[in-house]
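J.: quick one: sequence plus predicted model below, questions after.
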Amino acid sequence: MSAPDTFLNRLTEYVSSAVDEPSWIAARRQAGAARFEALGFPTRRHEAWKYTDVSRIANGEFALPKDAELSAERFDALRLNFDAHRLVFVDGLLSETLSDIGALPDGISVEPLSKALIDNHEAVGGQLGRLANVDFSPFAALNTAFAHEGAVIRLDAGKVIEKPIYLLFFSRSGSPVMSHPRVLISAGANSEAMVVEHYVGEQDAANFTNVISEVFLDRGANLTHYKLQEAAQSEFHVSSLHVDQSRESNFASHNLNLGGALVRNDLVCDLNGENAETALWGLFFGQERQHVDNHTQVNHNSPRTFSNENYKGILGGRARGVFNGRVYIKRDAQQVRGYQSNANLLLSDRAEIDTKPELEIYADDVQCSHGATTGQLDENAVFALRARGIDEQTARGLLTLAFANEVMEATRLPEVAERVERAVAGKLPERFNLEGLVEVSE
């Protein structure tokens with residue numbers, strides 16, 4: 001039996017248990033399954049996957065989750081502890097017990113995708129799959145075939161939500177399972193929100209998560225989006241985030257990857273209106289044999305749009321990182337500014353990075369730059385810190401964190417920043433300031 005057939009058999013199992021599913025969902029599910037069957041899993045012969053081998057996913061035996069049971073103790077041990085409107089999913093299934101939406105302002109809704117699907121929500125039918133359709137990738141087709149749970153967030157024009165919206169996807173240890181969450185965010189004109197997608201797994205989890213997020217920003221909408229990925233070291237995580245920006249909208253992405261055996265992130269931003277702005281901040285940290293692949297594409301489809309992308313990779317052990325960033329400027333999209341940077345720090349001789357920044361420009365009145373660097377810790381800087389009485393391990397941790405400081409400074413949520421700092425450098429003395437350490441390391 002081929003790998004696609006194995007997954008399609010799981011789909012048959014799922015569909016047979018589905019009830020009260022609108023006909024349009026069934027039709028899209030069928031289209032996703034047909035496209036996935038035609039495409040199969042990508043191989044390294046495909047240009048977009050030449051550095052990433054997904055055979056461990058293709059050959060894996062992943063069951064469908066059967067329940068969302070999780071004790072409060074296990075939940076509290078790994079969640080972010082901050083004041084937010086919260087939806088919690090356990091192995092891809094909604095946990096009503098652990099979720100806490102609280103009181104939402106009028107004109108703002110946060111609901112599970114399963115509820116929106118059953119209600120045949122017009123917004124879901126009109127927007128789901130519009131940005132990430134079944135042709136985007138085999139994983140997008142697979143997600144479309146299995147999509148059942150996730151979140152739908154809607155903001156009416158002019159609405160501002162003060163507290164973050166927290167979407168927690170918790171992965172349990174035990175027999176491997178797969179989940180295919182879908183997140184849909186629609187922000188009306190001049191609305192504003194912060195959304196945190198958090199993927200975290202128990203230490204021995206070995207699951208497969210395949211998530212798609214679609215974001216629609218109307219004129220003047222402002223969205224800050226955090227993705228904190230802390231999957232267990234034996235998990236597989238594939239995701240794609242697609243953003244449609246109207247004029248004068250503002251989108252900020254913080255893509256922070258700390259876990260996972262094999263991770264692939266696709267991020268596509270379409271700047272479709274004048275004065276739309278996007279900022280992409282990324283940090284990927286790999287150790288042992290982790291593999292983290294980031295593909296980004298920013299499409300300047302309108303004049304007078306602005307993008308700034310800054311991704312940093314930190315790799316130790318035999319970890320491998322991939323960065324492929326593409327900035328596309330459409331013909332006649334004049335007075336565009338687009339900047340891209342990828343800097344990488346290798347902490348061992350066996351770590352590896354493959355980086356490919358790209359610019360594709362069809363207009364002549366633009367300001368653009370792109371670049372990539374790769375290096376190791378400066379031993380002179382390590383010596384300088386040790387001369388101050390700091391032990392070697394702490395000195396290296398501090399300098400590693402100083403390398404990430406530019407991305408960390410953009411991270412405005414202290415709870416998220418602390419998770420990243422501890423993963424990268426361990427628990428450090430609070431008396432050190434990173435700005436001074438940046439000067440020492442230069």
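T.: It's in.

J.: secondary structure class of L283, three-state.
T.: Under DSSP: H, G, I helix; E, B strand; the rest coil, the three-state class of L283 is strand.

J.: so it sits against L315, correct?
T.: No - counting by C-beta atoms under 8 Å, L283 sits too far from L315 to count as a contact (11.7 Å). To be clear about C-beta, it is placed using only N, CA and C from the backbone, and glycine gets the same treatment.

J.: tell me, how many residues neighbour E13?
T.: When neighbours are defined as other C-beta atoms under 10 Å, E13 has 11 of them.

J.: and the longest helix seen in the chain, what does it pack onto?
T.: When the chain is parsed with DSSP state H, its longest helix is helix 23-39. When contacts are defined as 3 or more C-beta pairs under 8 Å, 6 or more residues apart in numbering; DSSP states H and E, helix 23-39 sits against helix 3-17, helix 138-146.

J.: out of those, deepest packed?
T.: When the helices and strands packed on helix 23-39 are scored by mean count of other C-beta atoms under 10 Å, the highest mean neighbour count falls to helix 138-146 (a mean of 25).

J.: run the chain-centre distance for that helix.
T.: Mean-position distance between helix 138-146 and its chain equals 17 Å (C-alpha atoms, centre = their mean, to the nearest Å).

J.: kindly report the same for stretch 74-82.
T.: Distance of stretch 74-82 from the chain centroid (C-alpha atoms, centre = their mean) equals 19 Å.

J.: can you pull out the helices in the stretch 101-250 of the chain?
T.: Along the stretch 101-250 of the chain, counting by DSSP state H, counting those that start in this stretch, helices occupy 113-118, 122-127, 138-146.

J.: quick check: mean pLDDT of the second one?
T.: Mean pLDDT, helix 122-127: 77.

J.: any weak-confidence spans in the stretch 51-200 of the chain?
T.: Where the stretch 51-200 of the chain drops to pLDDT under 70, the residues are 120-123.

J.: now the helices and strands packed on helix 23-39 as JSON lines including distance to G338?
T.: As requested, the helices and strands packed on helix 23-39 are arranged in JSON lines below (distance: least, C-beta to C-beta, whole Å):
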{"stretch": "helix 3-17", "distance to G338": "37"}
{"stretch": "helix 138-146", "distance to G338": "25"}
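
J.: tell me, how many residues neighbour G32?
T.: Using other C-beta under 10 Å, G32 is surrounded by 23 other residues.

J.: I'd say it and A141 touch.
T.: Yes - look at G32 against A141 with C-beta under 8 Å: they come within range, at 4.9 Å.

J.: joint contacts of these two?
T.: Shared contacts of G32 and A141, defined by C-beta atoms under 8 Å, 6 or more residues apart in numbering, comprise V134.

J.: helices and strands around the helix or strand following the longest helix of the chain, which ones?
T.: Downstream of helix 23-39, the first helix or strand assigned by DSSP states H and E is helix 55-58. Judged by 3+ C-beta pairs under 8 Å, 6+ apart, helix 55-58 is in contact with strand 236-245.

J.: helices or strands next to the strand it packs on in the packing?
T.: helix 55-58, helix 138-146, strand 208-217, strand 222-230, strand 250-257, strand 262-271.

J.: about what we covered before: tabulate the helices of the stretch 101-250 of the chain (CSV), appending distance to H46.
T.: Putting those into CSV (distance: least, C-beta to C-beta, whole Å) gives the following:
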stretch, distance to H46
helix 113-118, 29
helix 122-127, 28
helix 138-146, 9
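
J.: and of those helices, who's closest to T305?
T.: Nearest to T305, of all the helices of the stretch 101-250 of the chain, is helix 122-127, at 22.0 Å by C-beta to C-beta.

J.: and for stretch 48-61, what are the contacting residues?
T.: Stretch 48-61 is touched from outside by 3-4, 6, 41-44, 137, 176, 208, 236, 238, 261-262, 264, 291, 293, 295, 320, 322, 324, 354, with contacts defined as C-beta under 8 Å, 6+ apart.

J.: where does pLDDT dip in the stretch 201-350 of the chain?
T.: For the stretch 201-350 of the chain (pLDDT under 70), the answer is none.

J.: returning to that earlier point: the helices of the stretch 101-250 of the chain: which one's closest to N250?
T.: Using C-beta to C-beta, the nearest of the helices of the stretch 101-250 of the chain to N250 is helix 122-127, at 19.9 Å.

J.: secondary structure element holding the residue lying closest to D100 once chain neighbours are set aside?
T.: Setting aside the residues directly before and after it, D100 is nearest to R86 in space (C-beta to C-beta, 6 or more residues apart in numbering), at 4.8 Å. Applying DSSP H and E as the criterion places R86 in strand 85-90.

J.: could you please name the strands the helix or strand that that strand is followed by pairs with and the direction of each pair?
T.: The helix or strand immediately downstream of strand 85-90 is strand 93-94, counting by DSSP H and E. Sheet partners assigned to strand 93-94 using DSSP bridges are listed as strand 85-90 (antiparallel).

J.: report the angle between the partner strand and strand 208-217.
T.: With axes from the mean of the first three to the mean of the last three C-alpha atoms, to 10 degrees defining the directions, strand 85-90 sits at 150 degrees from strand 208-217.

J.: can I get the CA coordinates of strand 85-90 in CSV?
T.: Output of strand 85-90 as CSV, limited to C-alpha atoms (Å, rounded to 0.1, in the frame of the first residue of the first chain):
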residue,chain,number,x,y,z
HIS,A,85,-9.2,34.7,25.3
ARG,A,86,-8.3,31.0,25.0
LEU,A,87,-9.2,28.0,22.8
VAL,A,88,-7.5,24.7,23.6
PHE,A,89,-7.1,21.7,21.3
VAL,A,90,-5.7,18.4,22.4
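
J.: ok now that strand, how far from the chain's centre?
T.: With C-alpha atoms, centre = their mean, you get 17 Å for strand 85-90.

J.: for T411, which non-adjacent residue is spatially closest?
T.: T411 sits nearest to A417 (C-beta to C-beta, 6+ apart), 4.6 Å away.

J.: ok, M408 next?
T.: Counting by C-beta to C-beta, 6+ apart, M408 lies nearest to A417, which is 5.9 Å off, once chain neighbours are set aside.

J.: then that neighbour would be within a helix, right?
T.: Yes - under three-state DSSP, A417 falls within a helix.

J.: right, and it touches A410 too?
T.: No - A417 is beyond contact range of A410, at 9.7 Å (criterion: C-beta under 8 Å).

J.: could you report the distance from F89 to A151?
T.: 8 Å (C-beta to C-beta, to the nearest Å).

J.: what do those two both touch?
T.: Overlap of the contact sets of F89 and A151 (by C-beta under 8 Å, 6+ apart) consists of L167, P181.

J.: can you give me the strands in the stretch 301-442 of the chain?
T.: Secondary structure of the stretch 301-442 of the chain (DSSP state E, counting those that start in this stretch): strands located at 306-315, 320-329, 336-346, 352-361, 366-375.
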